[in-house]
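Undergrad: the amino acid sequence is not available; the structure is as follows:
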């Protein structure tokens, strides 16, 4: 037994550099790869939450960037419709505006962020959305609100789970990659560069 232990000690000492090398951290990639969603091959999903202060600061940046998609591509904003009252109301308000008066959607989003992060309003409060709608001059909101279905909210939540989104804002690009500002230390300019690079990566690898 002693000889066996001695031999194991020698072997361990010889292998220790290998263990050290194996334990050295591998440089992390600025994106996460997911199971390919072929139906989303030419889409970018922008996952956001009105309660997220980082989303508020990225609001205009992502709104402008979403208008620069390559030919054949589209960008779609998806609210984080996790099953609680505040997030469900926020998602429902977003989809109601999208249906009723889509041209006013960017103005509505900016107004909603302002109500929550500057005005101290709660997402559970119906007045939050009423004030954002009024500020953005959205038409037809009440009727559209009634017509937003539970299935639509559940679909948004399912998409969140499909891409394993655990931080906002996050972009799911080409049904293959997910990125968020943490990958670039919160630098908005670098984040947009990364997003453009990931779109190009999908196109090149098609």
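TA: Yes, it's here. Since we're looking at a predicted model, the values are computed, not measured. Numbering: from 1, shown residues only.
Undergrad: contacts only, for the residue nearest the centre of the chain.
TA: When C-alpha atoms, centre = their mean is applied to the chain, the residue found nearest the centroid is residue 170 (2.3 Å). Contacts were defined as C-beta atoms under 8 Å, 6 or more residues apart in numbering; by that measure residue 170 touches 46-47, 163, 178-180. For the C-beta atoms, the positions are set from N, CA and C on the backbone; glycine is no exception.
Undergrad: name the nearest of those residues relative to residue 189.
TA: residue 179 (14.1 Å; C-beta to C-beta).
Undergrad: circling back to that earlier point, scan the contacts of residue 170 and report the most crowded one.
TA: residue 47 (25 neighbours; other C-beta atoms under 10 Å).
Undergrad: spell out the secondary structure type for it.
TA: strand (DSSP: H, G, I helix; E, B strand; the rest coil).
Undergrad: give me the distance between it and residue 120.
TA: Relative to residue 120, residue 47 is positioned 24 Å away (C-beta to C-beta, to the nearest Å).
Undergrad: please apply the same query to residue 134.
TA: Counting by C-beta to C-beta, the gap from residue 134 to residue 120 is 17 Å.
Undergrad: of the two, which one has the most company?
TA: residue 134 (11 against 8).
Undergrad: can you mark which positions in the helix or strand containing that one are buried?
TA: Here residue 134 sits within helix 126-136, counting by DSSP states H and E. For helix 126-136, a neighbour-count test (16 or more other C-beta atoms under 10 Å) marks 128-129, 131-133, 136 as buried.
Undergrad: residues in contact with that helix: which ones?
TA: Contacts of helix 126-136 (C-beta under 8 Å, 6+ apart): 89-90, 93, 97, 104, 107-108, 110-112, 114-116, 119, 121-122, 141.
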